[in-house]
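Visitor: Need the 3D shape of this:
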Amino acid sequence: MRIATSTLSQFVLNGSQNSQQQLAQLEQDVSTGNDVTQASDNPLAYDEASQTQATVAQLNGYSNAISSATTATTANNSAMTEIYKLVSQASENATSVSSTMSTSQIKAVGTQASSLLSQLTSIVNQQDSNGNYLFGGTNNQPPIDTSTGTYNTSANGATTSTEVSPGNSVQTSIAAGHPGTPPADGFLYDSSTGVDVLAALKQTVTDLNNGDASAVQNDLPALTNALNLISSYVGSTSANMSAVSTASTANQSQITSEDNHLNTLTQTNLPNATVQLQQIQNQYEATLEAGSRILGLSILNYLGSTTTG
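Guide: Sure, this is the predicted structure:
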């Protein structure tokens, strides 16, 4: 069966156009690094990639929450650790007092204890970069009234938590607390046990300044209870830090996994694409060469069929 030259020419032309389209697509894939940028490229992969991108966006949101939670829980634990050291030092100072000491010696210890109480007040009343009191509760009030050295009952014991992963919230704020009606529980006061850290320290300072060794010795149980309360907050804030760290590690691992999956769905396999590009180029060159031969034969046939006068 004889195939018309025009048919062969059309076949070559179609093949050339197909090769050009494939070359253009492969060159774009190689240059951009992505072979799925719109639904028409690969509907299934595009849909899955869109869902994966939504998951990554959610995970990035948790990353921001984790960053804030890390800052808050670290500040909480640092404050509790410092307060524990201060109360511990005050307890050691009180323990060092004996009936053989002179009044002036006891008062000297009282001066040290007063300094510790001032340091504690500074830590309890500290503010963040936005001017919010870290331990005043949701009312944003200084827990201790610096003019009187007593509790500020306008501060409350409300605390907040931050969701660091789906269904996993970590306490990121703690309150100082205070006695009163109603009382507010926190690291300075616990209504269930009646432990009052600020009152214990103030009483010890008063007895030291009075040079009363016997009264100071009677203050030791209250200081021990104060230490135990603060110690529990050192432990809980440390646990919160650990929980946030664990969530951070898990979140970052999942982000990496989802990113890798997204790349698998959308990014160009450069080794394969390069091989395909070379194959299509060879095919295209072969098509052009075949086309030139067919066109050459067509011209010769035309000339041969034309009679000369």
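Visitor: so where's the stretch 201-309 of the chain uncertain?
Guide: 265-309 (pLDDT under 70).
Visitor: ok, now with 90
Guide: The model of the stretch 201-309 of the chain has pLDDT under 90 over residues 254-309.
Visitor: Which positions within stretch 93-101 qualify as buried?
Guide: Burial within stretch 93-101, assessed by neighbour count using 16 or more other C-beta atoms under 10 Å, is assigned to 93-94, 97, 101. (C-beta placed from N, C-alpha, C; glycine too.)
Visitor: quick one: terminal-to-terminal distance for it?
Guide: 13 Å (C-alpha to C-alpha, to the nearest Å).
Visitor: Can you give the distance from it to the centre of its chain?
Guide: Once both centres are worked out by C-alpha atoms, centre = their mean, to the nearest Å, stretch 93-101 turns out to sit 49 Å from its chain's centre.
Visitor: Stretch 154-162 too?
Guide: The answer for stretch 154-162 is 22 Å, by C-alpha atoms, centre = their mean.
Visitor: Closest one of the buried residues of stretch 93-101 to Ala200?
Guide: Distance to Ala200, by C-beta to C-beta, is smallest for Ala94 among the buried residues of stretch 93-101, at 9.8 Å.
Visitor: if I read this right, Ala75 contacts Leu134, doesn't it?
Guide: Yes - in this structure, Ala75 is within contact of Leu134 by C-beta atoms under 8 Å, at 6.4 Å.
Visitor: Mutual contacts of those two, please.
Guide: Asp128 (C-beta atoms under 8 Å, 6 or more residues apart in numbering).
Visitor: quick one, strands of this protein?
Guide: Along the chain, the segments classed as strands by DSSP state E run 144-145, 150-151, 161-165, 168-171, 189-190, 195-196.
Visitor: Touching the longest one from outside, list them.
Guide: With contact meaning C-beta under 8 Å, 6+ apart, strand 161-165 is reached by 62, 65-66, 68-69, 72, 169-172, 243-244, 247-248, 250-251.
Visitor: a markdown table please, covering the strands of the chain and showing mean neighbour count, distance to Thr256 and mean pLDDT.
Guide: Output for the strands of the chain, formatted as a markdown table (neighbours: other C-beta atoms under 10 Å; distance: least, C-beta to C-beta, whole Å; pLDDT from 0 to 100):
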| stretch | mean neighbour count | distance to Thr256 | mean pLDDT |
| --- | --- | --- | --- |
| strand 144-145 | 20 | 45 | 96 |
| strand 150-151 | 18 | 48 | 96 |
| strand 161-165 | 19 | 15 | 95 |
| strand 168-171 | 18 | 19 | 96 |
| strand 189-190 | 23 | 43 | 97 |
| strand 195-196 | 22 | 46 | 98 |
